[in-house]
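Undergrad: no sequence for this one, just the structure:
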């Protein structure tokens, strides 16, 4: 399926009253849901195995690297709630390359504050805090691809 066609379909869906659309064409499947009570909606898509780009797999929540691989021995994970990516895309810590990051470790955030942007199919999706607290850890680097449900931040609730 042509990506321009997918983008046009997404634009049409976003402008319409339709709340959910599911499209299947051969091995290609596209499911879009939109609701007004959630700040960011997941966009899920699957490409046939033969067409997927050959990239090293990014660890997801279920495939997290062993503690010895991701952090020095003796260093413990910060306490707090894990904020996960609601969509697949590219993580950006700031609105533009020359802007300050939305949040840094130690910043206090309120419910609704923008934490980051995830770009998916040339659409910039602001990811907002679902609760108030203090940023304990930023897990993802700027410009890094992220998977659905991948941990992005650890925030200690206020």
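TA: Good, I have the coordinates. Remember, it's a predicted structure, so these values are computed and weren't measured experimentally.

Undergrad: care to break this structure down by domain?
TA: 3-50, 78-157 (automatic domain parsing).

Undergrad: can you list those domains in CSV and add mean pLDDT?
TA: Below are these laid out as CSV (pLDDT from 0 to 100):
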stretch, mean pLDDT
domain 3-50, 66
domain 78-157, 94
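
Undergrad: Reformat the ones you listed into TSV and put mean neighbour count next to each item.
TA: All C-beta atoms are positioned from the backbone trio N, CA, C, and that covers glycine. TSV is the format used below for the domains of the chain (neighbours: other Cβ atoms under 10 Å):
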stretch	mean neighbour count
domain 3-50	12
domain 78-157	16
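
Undergrad: Helices of the protein, start to end?
TA: 3-15, 67-70 (DSSP state H).

Undergrad: Next, format those helices as CSV and append distance to residue 103.
TA: CSV is the format used below for the helices of the chain (distance: least, Cβ to Cβ, whole Å):
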stretch, distance to residue 103
helix 3-15, 27
helix 67-70, 21
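
Undergrad: Of all those, which one is nearest residue 101?
TA: The closest of the helices of the chain to residue 101 is helix 67-70. By Cβ to Cβ, the value is 21.2 Å.

Undergrad: what's near enough to touch the closest residue to residue 93 other than its chain neighbours?
TA: The shortest distance from residue 93 to any non-neighbouring residue, by Cβ to Cβ, 6 or more residues apart in numbering, is to residue 101 (4.1 Å). For residue 101, the contacting residues are 93, 94, 142, by Cβ atoms under 8 Å, 6 or more residues apart in numbering.
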